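Asker: sequence and predicted structure below; questions after.
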Amino acid sequence: MELYEEQGMCRIAASAIALTCRCIMQVPDAPASRRIFAKLVLEVNDFFLVMEKFQIKGTIIEELRRYHKRCLSFIAARMKKLRFTDLTLPEPLQEENQSVPWRYIDWRTGRIMETPLRLESGEVVDRGTLLIMMLSEPFRGHMDIPPRNFMYEPMPELQEKISIWKEQQKQKVLAYQQEQNRQKQEHQQEDGCQE
């Protein structure tokens with residue numbers, strides 16, 4: 001499981017999981033396939049239980065919730081239609097529409113960077129993007145030498161700024177949610193007094 005804490009591997013795994021689940025959910029609802037489908041759904045459920053319980057940081061689940069929302073919604077709708085209940089399906093994240101400073105974005109993926117690196121070319125990418133680039137690069141010869149040299153320089157100052165910005169965004173969301181809860185409680189109290 002530790003391998004999948006790495007950002008690039010996490011992206012690859014989450015994409016594979018989302019695609020596999022989507023394929024499973026597209027099994028036709030026919031009497032002959034119901035038993036097999038039910039077994040597959042229970043195995044998917046067990047998989048999500050294991051992922052939520054044993055993954056150290058929950059990065060694959062987080063990746064699914066953040067970047068595979070449509071797939072999770074499709075799966076949830078299909079399970080609801082087939083009356084499967086008490087299943088462990090990650091909830092898609094509902095994110096606030098936020099303005100992200102352009103220098104915090106990995107332009108190859110459109111994602112906010114976690115660990116920014118400056119490549120030899122001068123391009124700034126996230127560490128996970130570099131890992132995917134390296135994994136997708138074909139090796140040549142019997143020495144397993146990649147054709148390109150992926151030299152990079154860590155950017156700790158930018159990483160610190162991104163971390164601070166992300167924490168500020170979390171605090172804003174938390175404050176907004178607390179205000180929404182407070183207003184909801186006030187309305188409930190007002191409704192209780194009117195009765």
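Answerer: Perfect, I can see it now. Quick caveat: nothing in here was measured; it's all calculated off a predicted structure.

Asker: for Gln159, what are its contacts?
Answerer: Shown here is Gln159, whose contacts under the criterion CB atoms under 8 Å, 6 or more residues apart in numbering are 113-116. (C-beta placed from N, C-alpha, C; glycine too.)

Asker: one more pass at 7 Å, please.
Answerer: Contacts were defined as CB atoms under 7 Å, 6 or more residues apart in numbering; by that measure Gln159 touches 115-116.

Asker: check it and give its pLDDT.
Answerer: pLDDT, Gln159: 95.

Asker: again with the one 4 residues further on
Answerer: At Ser163 the predicted local distance difference test score is 93.

Asker: what residues of the helix or strand where it lies count as buried?
Answerer: For Ser163, the host element (DSSP states H and E) is helix 156-194. For helix 156-194, the neighbour count (16 or more other CB atoms under 10 Å) marks 158-159, 162 as buried.

Asker: which of these lies closest to Leu19?
Answerer: For the buried residues of helix 156-194, the residue nearest Leu19 by CB to CB is Ile162; the value is 29.1 Å.

Asker: now do the closest one against Val125, distance only.
Answerer: Applying CB to CB, to the nearest Å, the value for Ile162 to Val125 is 13 Å.

Asker: also Glu179?
Answerer: From Glu179 to Val125 the distance is 37 Å (CB to CB).

Asker: again with Glu167
Answerer: 22 Å.

Asker: try Ile132
Answerer: In terms of CB to CB, Ile132 sits 9 Å off from Val125.

Asker: compare those two (neighbour count), which wins?
Answerer: Val125 (22 against 19; other CB atoms under 10 Å).

Asker: where exactly do the helices run in this protein?
Answerer: Here the chain has its helices, by DSSP state H, at 7-25, 34-54, 59-67, 69-81, 127-136, 156-194.

Asker: in the third one, what's buried?
Answerer: Applying a neighbour-count criterion of 16+ other CB under 10 Å, one finds 59-61, 63-65, 67 buried in helix 59-67.

Asker: give me the pLDDT for the residue nearest the centre of the chain.
Answerer: Ranked by distance to the mean C-alpha position of the chain (CA atoms, centre = their mean), the top residue is Glu63 at 1.2 Å. As predicted, Glu63 sits at a pLDDT of 80.

Asker: isn't it right next to Ile12, touching?
Answerer: No - using CB atoms under 7 Å, Glu63 makes no contact with Ile12, being 9.6 Å away.

Asker: can I see the domain layout of this protein?
Answerer: Domain ranges of the chain: 2-81, 102-194, per automatic domain parsing.

Asker: most packed of the ones you listed?
Answerer: Between the domains of the chain, domain 2-81 has the highest mean count of neighbours, a mean of 15, where neighbours are mean count of other CB atoms under 10 Å.

Asker: now do Ile75 against His68, distance only.
Answerer: Distance check for Ile75 against His68: by CB to CB, it reads 10 Å.

Asker: what does Val27 give?
Answerer: Counting by CB to CB, the separation of Val27 from His68 is 19 Å.
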